[in-house]
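**Student:** Next one to model:
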Amino acid sequence: MRGQGEYQKMSYKVRKLVVGKGRTLSDEQNGEWSKEYYELEIDIPDEHELSAAKENAEGLLNEWLGITQPAGVQKKQEKSRYDMSKIRWEQAQGTSGPYEKSSDVDNLDFKSLLKDVQAHTGKMTVGDYFVWVFKNGQTIGRKKHQK
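**Tutor:** Sure thing, here's the model as predicted:
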């Protein structure tokens, strides 16, 4: 019997991940039920990123469903590799509203974040933020998730 976290070496390659999540809401006064369900299918170019892909997909589904993360729970990537509060951010205005951007290339936290976002096809969720890399490859944008 294997313990938790022990896996047999894979003789196959993971290429896709499908993550689905839903919720049911009731309006007791009117006796109505509302169901929401979303499913994401993600191509995984590197099977070593399976856990990060799952985590990001769950974060996006939670955002769509309006599910908030319990207090005190923090994304592994944010606490283990970089601290976004140590990066210099400037306010900017985009077509879909205000956001923040940074090109703080001499900052180690910025460099770690940039590398992580690039490894996630240029966009991902970090804590309460949607983060992306601009086409120039050296500027990061972030926008706080709507609650």
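**Student:** unless I'm mixing things up, residue 143 is touching residue 99, no?
**Tutor:** Yes. Residue 143 is within contact range of residue 99, at 4.2 Å (criterion: C-beta atoms under 8 Å). To be clear about C-beta, it is placed using only N, CA and C from the backbone, and glycine gets the same treatment.
**Student:** wait, residue 15 sits on residue 41?
**Tutor:** No. Counting by C-beta under 8 Å, residue 15 stays clear of residue 41, with 10.8 Å between them.
**Student:** Need the per-residue pLDDT for residue 2.
**Tutor:** In this model, residue 2 is scored at 55, pLDDT.
**Student:** Find the centremost residue of this structure, please.
**Tutor:** Centroid-nearest residue in the chain, with C-alpha atoms, centre = their mean: residue 125, separated by 2.4 Å.
**Student:** who touches it in this structure?
**Tutor:** By C-beta atoms under 8 Å, 6 or more residues apart in numbering, the contact set of residue 125 is 56, 59, 60, 63, 75, 131, 145.
**Student:** Identify the residues contacting residue 42.
**Tutor:** For residue 42, the contacting residues are 16, 17, 18, 19, 53, 57, by C-beta under 8 Å, 6+ apart.
**Student:** Flag the least confident of those residues.
**Tutor:** pLDDT across those is lowest for residue 53, at 79.
**Student:** Could you check this protein and say which of its helices or strands has the lowest average pLDDT?
**Tutor:** Between all helices and strands in the chain, the lowest mean by mean pLDDT, DSSP states H and E belongs to helix 76-81, at a mean of 49.
**Student:** Which SSE is immediately downstream of that helix?
**Tutor:** Proceeding N to C from helix 76-81, the next assigned helix or strand is strand 90-94, under DSSP states H and E.
**Student:** how far out from the middle of the chain is that next one?
**Tutor:** Per C-alpha atoms, centre = their mean, to the nearest Å, the displacement of strand 90-94 from the mean C-alpha position of its chain is 21 Å.
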